[in-house]
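Engineer: Quick one, what's the 3D model for this:
(one chain, ligands or ions: 1)
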Amino acid sequence: MKPQDILAEKTSLWIFGYGSLVWKPDFKYKKSKVGYIQGYKRRFWHGDNFHRGNDEMPGRVVTLVEDDDACTWGVAYEVTGSQIEESLKYLNVREAVLGGYITRAVEFVPRGVGEPPLLALVYIATADNPIYLGPASPKEIAAQIIVSHGRAGQNIEYLLRLADFMRCQCPEVEDAHLFSIEAAALALVPYLLGSQQAVPAS
Ligand SMILES: N[C@@H](CCC(=O)N[C@@H](CS)C(=O)NCC(=O)O)C(=O)O
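Structural biologist: Prediction:
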């Protein structure tokens with residue numbers, strides 16, 4: 001199903017967030033649900049030269065990579081009436097124009113027992129995007145994150161708030177990729193805080 005199929009003559013639209021959108025939606029919505037989408041894994045493989053980085057030192061933000069065996073937890077937001085146009089207009093700038101994300105339609109599964117799956121719009125950055133950075137080790141990703149910042153603030157804030165969301169809202173979920181990067185970044189902070197030692201080689 002294409003994104004436009006779920007937008008046609010809609011009085012209600014669900015938007016799935018799995019990165020900064022889980023802690024900073026910044027658009028009006030009617031309700032939100034924690035849950036997951038199947039067939040995608042979340043990875044810090046997208047570059048960001050606006051919100052959490054710049055052209056000289058791009059930050060790293062998350063995107064989704066297709067993987068039939070994986071699922072990604074986040075938050076789905078329901079927008080209705082005028083919220084639909086307002087949210088899409090806002091996200092088009094924040095995610096597509098400034099972030100390089102495209103939209104896809106996905107099936108969102110709410111965590112609540114017996115709650116039916118919902119069709120949702122999701123913003124994904126694909127490998128053909130000019131600022132896509134691709135795979136790297138947790139240490140390499142962490143080393144890039146701790147020195148990057150952009151118009152929205154420090155890249156490490158983006159990492160820590162996402163890790164906090166997962167610990168608080170999805171404590172039962174194992175996300176080795178996210179938490180290994182968080183641990184590597186926190187281990188590097190003492191070196192960042194002006195210690196004399198050089199940052200250890202990764
Ligand atoms: N599309 C993902 C990732 C969104 C995301 O992190 N987008 C960046 C743009 S590169 C953003 O909005 N950052 C705002 C911020 O870092 O405060 C989501 O659904 O959460």
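Engineer: Name the single longest strand found in the protein.
Structural biologist: Counting by DSSP state E, the longest strand found in the chain is strand 59-80.
Engineer: Can I get that one as PDB, trimmed to CA atoms?
Structural biologist: In PDB, the C-alpha atoms belonging to strand 59-80 read as follows (Å, rounded to 0.1, in the frame of the first residue of the first chain):
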ATOM      1  CA  GLY A  59      25.300  13.900  13.200                       C
ATOM      2  CA  ARG A  60      23.800  10.400  13.200                       C
ATOM      3  CA  VAL A  61      20.100   9.800  13.500                       C
ATOM      4  CA  VAL A  62      17.900   6.700  13.200                       C
ATOM      5  CA  THR A  63      16.200   5.300  10.200                       C
ATOM      6  CA  LEU A  64      14.500   1.900   9.500                       C
ATOM      7  CA  VAL A  65      16.200  -0.900   7.500                       C
ATOM      8  CA  GLU A  66      14.100  -3.800   6.100                       C
ATOM      9  CA  ASP A  67      14.600  -7.000   8.000                       C
ATOM     10  CA  ASP A  68      11.800  -9.600   8.000                       C
ATOM     11  CA  ASP A  69      12.900 -11.000  11.400                       C
ATOM     12  CA  ALA A  70      13.000  -7.600  13.200                       C
ATOM     13  CA  CYS A  71      10.500  -5.300  14.700                       C
ATOM     14  CA  THR A  72      10.800  -1.700  15.800                       C
ATOM     15  CA  TRP A  73       9.100  -0.200  18.800                       C
ATOM     16  CA  GLY A  74       7.900   3.400  19.000                       C
ATOM     17  CA  VAL A  75       4.800   5.600  19.200                       C
ATOM     18  CA  ALA A  76       1.900   6.000  16.800                       C
ATOM     19  CA  TYR A  77       0.100   9.300  16.900                       C
ATOM     20  CA  GLU A  78      -3.500   9.800  15.700                       C
ATOM     21  CA  VAL A  79      -4.200  13.100  14.000                       C
ATOM     22  CA  THR A  80      -7.700  14.100  13.000                       C
END
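Engineer: quick check, distance from it to the centre of its chain.
Structural biologist: 6 Å (C-alpha atoms, centre = their mean, to the nearest Å).
Engineer: What mean pLDDT does the helix or strand following that strand get?
Structural biologist: Going down the chain from strand 59-80, the next helix or strand is helix 82-91, by DSSP states H and E. Averaging pLDDT along helix 82-91 gives 96.
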